[in-house]
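Asks: Model the following, please.
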Amino acid sequence: MNLFLLALCGAGAGAGLALALLVLYPAHPALGEALAAPNRPAALPRTAPGSAIQKAGFPAVPLLSALGLPRASTRADLTALDRPTEIHLAQQAGLGLLGLIAGPVYALALSVIGVKVPVLLLALGTLALAAAGSTLPSQLARTEAAKLREQIRYATSALLDLVAVMLAAGAGQEEAFTLAASTGTGPGHDHLRAALAAAHTTHAPVWDSLRELGARTGVRELTELAATSSLAGTEGARIRATLATKAASLRARLLSAAEAKAASATERMGLPTVLLMAGFLVFTCYPALAKVMDSL
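Replies: Sure, this is the predicted structure:
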């Protein structure tokens, strides 16, 4: 046990020294970020933390930012969800701190009733709780961002079908997109309506707004649609055919993804079904087996 405590203290000292070096000598920005810095829009004002967990972890935000957190994939998810990075880091630090406190508090509660927890088990459990708490916001953000992207894809598929029909009926491009986007409900249609409203307000092409929405949310289909449609033109049968083709391909892609998800869910349900049947057989056969064993 003394060797374990000595190793734990050494690991803590090494981690503290590494954090201090990272703060004193932060990593240099990547070449692409440095070149894009002059054209980057001004940073928004810092968002104040809302919950008590975020307030508790907010002082650790500069340290986590110096460590390079959150990762690029998590930053993309937060951008798609329109969530500030600082609030996400504050929530991570707050939940990690809560996990560090929960382990000793639980051990103290057990010691009151006479149950002693080994030091090794307490240390491992506390570290596991802290790690789970600090990674939970990133997992939730990844799940919510994936759901939002799927909703935008479904909304885009419905939008393209309606726009193609309205263009064939003689409507203008801007009118067709505006009327088609106004019929749907849900987060996906809300994002599309916001992008089209921004294009109408700034008198920018519709494809530029859809391209910006696709780049911000990580929906590759929108950027591909904007690139293809901008080359096809703005009116006539050519743009109608392009939109109809994109709608068909997107619909087929969504259908195959839904079938794959359904097949995966079916496979995951196989093991619980087998365990349920095994438990049922044990429950029904146990009285007969017990009676036979007693008669021997």
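Asks: ok now the helix or strand hosting residue 273, how far from the chain's centre?
Replies: Using DSSP states H and E, residue 273 falls within helix 270-295. Centroid separation for helix 270-295 versus its chain: 43 Å, with CA atoms, centre = their mean, to the nearest Å.
Asks: what does stretch 50-58 give?
Replies: So, by CA atoms, centre = their mean, the centroid of stretch 50-58 is 20 Å from its chain's centroid.
Asks: Quick one: residues in contact with that stretch.
Replies: For stretch 50-58, contacts defined as CB atoms under 8 Å, 6 or more residues apart in numbering pick out 49, 86-87, 89-98. Where you see a C-beta, it was placed from the backbone N, CA and C, and this is true even at glycine.
Asks: mind listing which of those are in helices?
Replies: 86-87, 89-98 (DSSP state H).
Asks: now, among those, which is nearest to residue 241?
Replies: Looking at the ones in helices among the contacts of stretch 50-58 and their distance to residue 241, the nearest is residue 87, at 45.1 Å (CB to CB).
Asks: Now do that closest one against residue 55, distance only.
Replies: Taking CB to CB, to the nearest Å as the measure, residue 87 falls 11 Å from residue 55.
Asks: Which one's more surrounded, those two?
Replies: Taking neighbours as other CB atoms under 10 Å, residue 87 and residue 55 compare with residue 87 leading, 21 against 13.
Asks: I would like the residues contacting stretch 157-176, please.
Replies: 177, 179-181, 183-184, 189, 192, 200, 206, 225, 234-235, 239-240, 243-244, 246-247, 250-251, 254.
Asks: Could you give the average pLDDT over the helix holding residue 273?
Replies: The average of the pLDDT scores along helix 270-295 is 83.
Asks: How about residue 243: what's its closest non-neighbour residue?
Replies: Closest residue to residue 243 apart from its sequence neighbours, by CB to CB, 6 or more residues apart in numbering: residue 164 at 4.5 Å.
Asks: cool, residue 204 as well?
Replies: Using CB to CB, 6+ apart, the closest residue to residue 204 is residue 198 (7.6 Å).
Asks: and the one you found, what element?
Replies: In the assignment (DSSP H and E), residue 198 maps to helix 187-202.
Asks: What of residue 116?
Replies: Here residue 116 is assigned to no helix or strand, by DSSP H and E.
Asks: Same check on residue 100?
Replies: Counting by DSSP H and E, residue 100 is found in helix 85-112.
Asks: other SSEs contacting that helix?
Replies: Here helix 85-112 touches helix 52-57, helix 61-66, helix 72-81, helix 119-168, going by 3 or more CB pairs under 8 Å, 6 or more residues apart in numbering; DSSP states H and E.
Asks: Next, the buried residues of that helix.
Replies: Of all the residues in helix 85-112, those buried under the rule 16 or more other CB atoms under 10 Å are 85-100, 103, 107.
Asks: same check, this time on stretch 240-260
Replies: Those would be 240, 242-244, 246-247, 250-251, 254, for stretch 240-260 by 16+ other CB under 10 Å.
Asks: any low-confidence regions in the stretch 51-200 of the chain?
Replies: For the stretch 51-200 of the chain, no stretch has pLDDT under 70.
Asks: Spell out the secondary structure type for residue 114.
Replies: Per DSSP: H, G, I helix; E, B strand; the rest coil, the local secondary structure of residue 114 is coil.
Asks: hang on, the earlier thing: cross the buried residues of stretch 240-260 against helices and list the overlap.
Replies: Per DSSP H, these map to helices at 240, 242-244, 246-247, 250-251, 254.
Asks: now, which of those sits nearest residue 114?
Replies: residue 254 (58.4 Å).
Asks: Contact partners for the closest one?
Replies: With contact set as CB under 8 Å, 6+ apart, residue 254 has these partners: 153-154, 157.
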